[in-house]
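**Q** predicted structure and sequence below. I'll ask about it afterward.
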Amino acid sequence: MPIRAGTPARPRKGAKNSANTGSVAVAALRMEDLCVWAVERAEGFPRSLKFSVGDRFIDANLRVVECLIEAAYTRDKRPALQAASRALVRARVVARLAQRLRALSHDQLHHFEHESVEVGRMLGGWLRYVNQRDEVEAGAAPASEVVAPAP
């Protein structure tokens, strides 16, 4: 069954719920949907902004998708997740700039901000999971279990 845009991704039956099945698919699909939305909006930018702000808007969104996919298929996920986070911030900045230049409406900016915050939350949760997993693999106590010595 093909995955349609806007449909939440579900792991295969019997698949383990690890960082590579559920969260990656959901975050990547949410960002893909947002990327399609961004491309559709950038097509409507005025000609004077389409090839400067519009292209940067699309590129920043595509970069987030690329980094999420890279993180899904590499062992060391932290660099790709951090790059995705930085690209998401760049996309938000370009979206605010496009709104100030009247290429995006206030409602369109609100939609983009809402969706990008959701992707950012998923990304942050995935990064926390990777950090905790790496700490456990290294034999160190997770940061949530470290107790500061009494003064």
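**A** That came through, no problem. Residues are numbered from 1 along each chain as shown.
**Q** how about the helices in this protein?
**A** For the chain, applying DSSP state H gives helices covering 24-43, 47-49, 55-72, 78-100, 106-138.
**Q** packing partners of the second one?
**A** It refers to helix 47-49. Applying 3 or more C-beta pairs under 8 Å, 6 or more residues apart in numbering; DSSP states H and E, we find helix 47-49 packed against no helix or strand. Placement of C-beta: from N, CA and C, glycine included.
**Q** which outside residues touch it?
**A** Ala98, Leu101, Ala103 (C-beta atoms under 8 Å, 6 or more residues apart in numbering).
**Q** of these - the most surrounded one?
**A** Ala98 (24 neighbours; other C-beta atoms under 10 Å).
**Q** that one against Leu104, yeah?
**A** Yes. In this structure, Ala98 is within contact of Leu104 by C-beta atoms under 8 Å, at 4.5 Å.
**Q** center of the protein, which residue is that?
**A** Among the residues of the chain, Val119 comes closest to the average C-alpha position under C-alpha atoms, centre = their mean, at 4.5 Å.
**Q** kind regards, and thank you for your time.
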